[in-house]
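A.B. asks: Provide a 3D model corresponding to the input given below.
(chains A and B)
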Amino acid sequence: MNLHEYQAKDILSRVGVPITEGHVATSPDEAQAIAARLGGTVAIKAQVHVGGRGKAGGVKLAHSAGEARALAAQILGMQIKGLTVRKVLVARAAEIAHEAYVGIIIDRVCKRAVFMASAAGGIDIEDVAATSPDRIKRLAVDPRYGFRPYESMQLGFYLYSDPAQTRSAARILRQMYQAFIESGASLTEINPLATTPRGDLVAVDAKMVIDDNELERHPEIAALRDESAEDPSEAAARRAGLTFIKLEGNVGCIVNGAGLAMATMDLVKYYGGEPANFLDIGGSSSPEKVVSALSIITSDPNVRVILFNIFGGITRTDDVANGIVSALAATPLAVPLVIRLTGTNEHEAVRILQQHGLSAMTDMDEAVRRAVSVVAESERGGRAA
Amino acid sequence: MIEYGTHVVAGVTPGKGGQTFDGGSGTSVPVFDTVERAVNETGANATVIYVPPLFAADAIMEAAAARVPLVVAITEGVPVLDMTLVYPFVREYGARLVGPNCPGLISPGECKVGIIPGTICAPGPIGLVSRSGTLTYEVVHQLTKAGMGQTTCVGIGGDPINGTNFIDCLAAFQADPSTTAIVMIGEIGGTDEQEAARYVAAHVTKPVVGFIAGRTAPPGRRMGHAGAIVSGSTGTAAEKVQALSAAGIPVADRPADVVGLLRARMAHAA
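C.D. replies: Residues are numbered from 1 along each chain as shown, chains lettered A, B, ... in the order given. Here you go, the predicted structure:
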């Protein structure tokens, strides 16, 4: 789960990381009021879950409350990489003499949280990582002992030669690690960690990504989810206990198992079709999930065919069949259905479907080819299957 | 598992020690409060864990500390930070952890620990290792239908930090006298397949064939499995296909192509 900059800054500042004062505005009026209260130059910063906001024109400096209002009016409602800006952070602008990068990620190879630090911070950290990896220092934290103070000083001395800044940075890094662990994060970044002309350190931008598996035990973090930033279908799916990602195509897919779901999408593409979504109904056999899945898929007007690909191990295929039948009884489909079922209780499943005038295939390729050809036929204005 | 022939000798549920559960076919399995007691009383040498996500890490550690040599964790949803602690712990106790978020493993005709359906498998010479669950079943189903039975199928699971990776399984299959060829099924996210490819090029003489799911997955999105996410430009399916191909591992375009590629590689090696 992504957090907005203002949320990450809030979490970090509560453990002591220095930030500049700022507040969220959802309207130009609010932005003006906040800017007036803060006084001086403020940054108007789009709050959306993508990188490159500055380059896209979503981060601007305002030198008066009136200008803050005008810039907020511009930035609110703008589209950045497909996302609509609904909130801006209005924050006191920091004077920046130097920029560093500090971040913590979970490294899958060493299986630990790893710090990355670079004195070449700012917006081009990805370029630095790609072209000059020697300009980044990495430090893996042993979770049994935590982030040791001497380790924080090692990173501090790497970033700064001034002892006061070294100590300040070391403290900020320890605070970051605390926030990282306490929030159940998978990523925490401060970029830039700026040095002001006076020599103080301040976090000018912050990013946090939370491990979805941590949300159950961190309800206060789960409550930070910005539903308005989510596709409504994806939000509905999440609430129904399904994993759903909306794509651009017209072959709707309902599959049990993430790997099989990805392979199904790939196979649709292989046969010349375009998947409309990724949807994993998971391992449990509840007909209710099938009903939810169908209602989410059918709310996408692009979908021209719905393909079920179910390989039943734990999942009972007869439960899926009953789910399909229930869903169709409640809401007849406007698009054709192609069903592939293999596995536990498949004979019973086929029987249930046949009783309701539906048929099921047992071969995955055949089912995908069929689904793709149904779309092609409907596009040619031919008879729907 | 009992139906398949696995010797399930104990259950562990704290608070239900002393009870029994019905193992089917007239068998009755004793339940214990702790893994330590279960191991002491029954000599169990493997465990399969279905404990809910927020307690699973502790259950894994309990099993390792009780000196159970094989710990299979089916549970999906274990916090990754928990796994950073579990991993060194199980290694310290010398336990082999498979998973979490995996279907377990099966040696067809002999034993299964986990939830891989026995009906789709058949004994034979192919070793299979996969990050997936139902995609594994799909490929195993095709292998069985083609008369290519399996020595062992291992689901290593879909999480970013797991106990057993591709290289661990490839090494085991290379050393296993009954395994003559290997199938590896990967997906987007991380670099496990790429490292495995380098390992195969250097250390595996048996034919290996691969399949990678997620060629059409959009970047930055978690595709179900916690570990199935393309971060920046790392972990793409294309990168993995490239790495496998560079190591001489043919990569199937479709799950259905695995059988044909495997036959060809085995004939070539013969």
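A.B. asks: can you tell me how far residue A:41 sits from residue B:78?
C.D. replies: 46 Å (C-beta to C-beta, to the nearest Å). For every residue, glycine as well, the C-beta is placed using N, CA and C.
A.B. asks: These two: who's more crowded?
C.D. replies: residue B:78 (30 against 16; other C-beta atoms under 10 Å in any protein chain shown).
A.B. asks: okay but that one is in contact with residue B:102, surely?
C.D. replies: No - Residue B:78 lies out of contact with residue B:102 (C-beta atoms under 8 Å); the separation is 10.9 Å.
A.B. asks: and stretch B:255-263, is it in reach of chain A?
C.D. replies: Yes - if you take C-beta under 8 Å from any C-beta of the partner chain as the test, stretch B:255-263 does meet chain A, through B:255, B:256.
A.B. asks: How about that stretch, which residues are buried there?
C.D. replies: For stretch B:255-263, burial by neighbour count (16 or more other C-beta atoms under 10 Å in any protein chain shown) applies to B:255, B:256, B:257, B:258, B:259, B:261, B:262, B:263.
A.B. asks: Among the residues you listed, which ones are in strands?
C.D. replies: Among the buried residues of stretch B:255-263, no member is found in strands (DSSP state E).
A.B. asks: Please flag which of those residues sit within helices.
C.D. replies: In helices, defined here by DSSP state H, the members of the buried residues of stretch B:255-263 are B:258, B:259, B:261, B:262, B:263.
A.B. asks: Report the separation between the first one and residue B:89.
C.D. replies: Plainly put, residue B:258 is 36 Å away from residue B:89 if you go by C-beta to C-beta.
A.B. asks: Count the neighbours of residue A:120 for me.
C.D. replies: 15.
A.B. asks: hang on, isn't it packed against residue A:127?
C.D. replies: No - using C-beta under 8 Å, residue A:120 is not in contact with residue A:127; the gap is 9.1 Å.
A.B. asks: quick one: the strands in the stretch 151-270 of chain B?
C.D. replies: Along the stretch 151-270 of chain B, counting by DSSP state E, counting those that start in this stretch, strands occupy B:181-187, B:208-213, B:251-252.
A.B. asks: Dump the first one to CSV, keeping only the CA atoms.
C.D. replies: When you say that, I think you mean strand B:181-187. Below are the C-alpha coordinates for strand B:181-187, written out as CSV (Å, rounded to 0.1, in the frame of the first residue of the first chain):
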residue,chain,number,x,y,z
ALA,B,181,15.4,-33.6,-16.2
ILE,B,182,14.1,-30.4,-14.5
VAL,B,183,11.3,-27.9,-15.1
MET,B,184,11.4,-24.5,-13.4
ILE,B,185,8.4,-22.3,-13.3
GLY,B,186,9.0,-18.7,-12.4
GLU,B,187,7.2,-15.3,-12.4
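A.B. asks: which SS class is the closest residue to residue B:179 other than its chain neighbours?
C.D. replies: Spatial nearest neighbour of residue B:179, chain neighbours left out: residue B:127 (4.0 Å); criterion: C-beta to C-beta, 6 or more residues apart in numbering or on different chains. With DSSP: H, G, I helix; E, B strand; the rest coil as the basis, residue B:127 sits in strand.
A.B. asks: Correct me if wrong: residue B:127 contacts residue B:181.
C.D. replies: Yes - between residue B:127 and residue B:181 a contact is recorded at 7.3 Å, counting by C-beta under 8 Å.
A.B. asks: count of residues packed around the nearest residue to residue B:107 once chain neighbours are set aside?
C.D. replies: The shortest distance from residue B:107 to any non-neighbouring residue, by C-beta to C-beta, 6+ apart, is to residue B:152 (4.6 Å). Residues lying near residue B:152 (other C-beta under 10 Å) number 22.
A.B. asks: and residue B:152, bridged to which residues?
C.D. replies: Here residue B:152 sits in beta bridges with residue B:127, as judged by DSSP bridges.
A.B. asks: so what's it up against?
C.D. replies: Applying C-beta atoms under 8 Å, 6 or more residues apart in numbering or on different chains, we find residue B:152 in contact with B:105, B:106, B:107, B:127, B:128, B:173, B:176, B:179.
A.B. asks: at 10 Å what do you get?
C.D. replies: B:105-108, B:110-112, B:121, B:126-129, B:169, B:172-173, B:176, B:178-179 (C-beta atoms under 10 Å, 6 or more residues apart in numbering or on different chains).
A.B. asks: Model confidence score at it, please.
C.D. replies: Predicted confidence (pLDDT) for residue B:152: 98.
A.B. asks: Could you do residue B:226 as well?
C.D. replies: Looking at residue B:226, its pLDDT is 88.
A.B. asks: Straight-line length of stretch B:19-32, end to end?
C.D. replies: With C-alpha to C-alpha, to the nearest Å as the measure, stretch B:19-32 spans 8 Å from end to end.
A.B. asks: where does the chain have low pLDDT?
C.D. replies: With no chain named, the answer covers chain A. In the predicted model of chain A, residues A:123, A:284-285, A:382-385 satisfy pLDDT under 70.
A.B. asks: actually it's chain B I care about, not the one you picked
C.D. replies: Looking at chain B by pLDDT under 70, you get an empty list.
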